[in-house]
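1. The following block contains a protein sequence and its predicted model.
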Amino acid sequence: MRIVIHGQQAFGKAVLDRLLEGTDDIAAVFCPPDAEGRPIDPLKERALQAGLPVHQLSSWKTQEAAGLLAAQDADLCVMAYVTQIVPSRCLDLPAKGSIQYHPSLLPRHRGPSSINWPIIAGETRTGLSIFWPDDGLDTGPILLQKEVDIGPDDTVGSLYFDHLFPMGVDAMIEAVELVRAGNAPRIAQDEADATYEGWCRAGDAKVDWSQSAERVHDLIRGTDPQPGAWTTIGGARLNLYGSRRASATGRPGEVMEITDRGMTVATGLGGVSVARVRPEGSRAKISPQEWADQAGLGPGAVLDDVAQAQPGASSVGAAQVARDKDRSGP
């Protein structure tokens with residue numbers, strides 16, 4: 001087949017590497033424009049090394065974009081980590097259409113932060129979908145899906161790089177083979193099971209120490225490494241990484257122990273231990289002991305007092321608080 005690849009970053013590069021191992025004709029590579037002051041995108045760099053045409057579009061909603069894609073005379077567009085909105089008039093231009101990777105089990109967790117939200121919600125299973133995109137947000141028919149367990153201490157980073165990334169590359173190649181063979185499924189998504197969440201941003205990652213240790217732990221690992229869960233101490237922000245459940249009884253937010261291995265903090269029910277912190281104004285993650293020595297703090301310090309749910313916070317958090325109350329009683 002004659003294939004166009006649209007994507008970015010390491011995932012896009014990995015998919016291109018695998019496709020270059022085969023016999024398909026890679027017509028061109030599309031990726032977002034270069035970001036000022038940032039390194040060259042890995043997909044773009046690999047495409048240039050392979051001598052492939054590279055096109056960088058700031059928008060796919062123009063007639064020029066449609067004309068450029070049509071000129072490739074492609075059989076299939078493979079969308080490997082795409083965050084741009086691509087209208088159906090472009091998606092339908094390749095003779096066999098376009099297929100796209102999404103790191104959740106659609107129709108669950110549509111949206112751009114679909115790895116974060118299942119972890120934050122305390123879910124124990126997720127996966128990936130290869131689907132036929134349409135004009136909706138992650139709403140097109142499913143071609144194939146793969147499931148994976150979410151471990152009790154999995155983070156966004158471990159779940160993606162250890163599972164969803166390598167499985168996703170394999171799944172994209174499997175999907176291309178199914179398209180080539182002419183028997184790729186198109187299974188309509190069940191809208192009754194659909195959920196959508198927007199970007200997981202810093203405003204969603206503020207720790208509420210009055211919640212249970214389970215919920216705090218899920219928030220920290222569900223935002224690790226990005227956007228990074230955070231709390232405050234003395235008015236300064238402190239980001240938290242490497243969460244584990246811990247035994248602790250104290251005022252919510254109270255620091256119970258600090259060592260090189262971690263900082264144990266009491267929650268509304270139980271405690272958590274974090275292995276690394278990043279103080280405000282710093283790019284480096286350091287041990288809690290190093291931070292405490294610098295800040296002149298020790299056990300007994302209270303982080304953020306009792307945080308309250310903020311306006312606009314995710315409904316996922318509110319639902320989990322209700323479930324915690326049901327589990328632990330009045």
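-> Structure's in. What do you need?
2. What is the burial count for residue 97?
-> Residue 97 has 20 neighbours, counted by other CB atoms under 10 Å. Any C-beta I mention is one placed from the backbone N, CA and C, and that applies to glycine too.
3. what's the closest non-adjacent residue to it?
-> Closest residue in space to residue 97, ignoring its immediate chain neighbours: residue 132 at 6.0 Å, by CB to CB, 6 or more residues apart in numbering.
4. Could you tell me which residues make contact with the one you found?
-> Neighbouring residues of residue 132 by CB atoms under 8 Å, 6 or more residues apart in numbering: 97, 98, 99, 100, 140, 141, 142, 143, 186.
5. between those residues, which is nearest residue 168?
-> Minimum distance to residue 168 across these is 10.9 Å, recorded for residue 100 (CB to CB).
6. Let me see the contact set for the residue lying closest to residue 194 once chain neighbours are set aside.
-> Nearest residue to residue 194 in three dimensions, chain neighbours excluded: residue 107, at 3.8 Å (CB to CB, 6+ apart). Contacts for residue 107 (CB under 8 Å, 6+ apart) come out as 138, 139, 189, 190, 191, 193, 194, 195.
7. Could you check how far the nearest residue to the fifth one once chain neighbours are set aside is from residue 130?
-> With CB to CB, 6+ apart as the measure, residue 107 is the residue that lies nearest to residue 191, at 6.7 Å, once sequence neighbours are left out. Between residue 107 and residue 130 the distance is 14 Å, computed by CB to CB, to the nearest Å.
8. In the chain, which residue is most central in space?
-> For the chain, the residue sitting closest to the mean C-alpha position, by CA atoms, centre = their mean, is residue 115 at 3.9 Å.
9. Tell me where the stretch 1-150 of the chain has helices.
-> Assignment of helices within the stretch 1-150 of the chain using DSSP state H, counting those that start in this stretch yields the ranges 9-20, 42-49, 63-70, 88-91, 116-120.
10. Out of these, which is closest to residue 181?
-> helix 9-20 (16.0 Å).
11. That closest one vs helix 42-49, what angle?
-> 40 degrees (axes from the mean of the first three to the mean of the last three CA atoms, to 10 degrees).
12. pLDDT at residue 137, what is it?
-> Note for residue 137: predicted pLDDT of 95.
13. Dihedrals phi and psi, it?
-> For residue 137, the backbone dihedrals (degrees, to the nearest 10) come out as phi -90, psi 100.
14. packing partners for the strand ranked longest in the chain?
-> Across the chain, the longest stretch assigned as strand under DSSP state E is strand 236-246. Secondary-structure packing of strand 236-246 (3 or more CB pairs under 8 Å, 6 or more residues apart in numbering; DSSP states H and E): helix 213-221, strand 229-233, strand 271-279.
15. Could you look over these and pick the most buried one?
-> helix 213-221 (a mean of 26; mean count of other CB atoms under 10 Å).
16. domains of this structure?
-> With domains defined by automatic domain parsing, the chain comprises 2-193, 204-309.
17. Since that was my last question, I'll sign off now.
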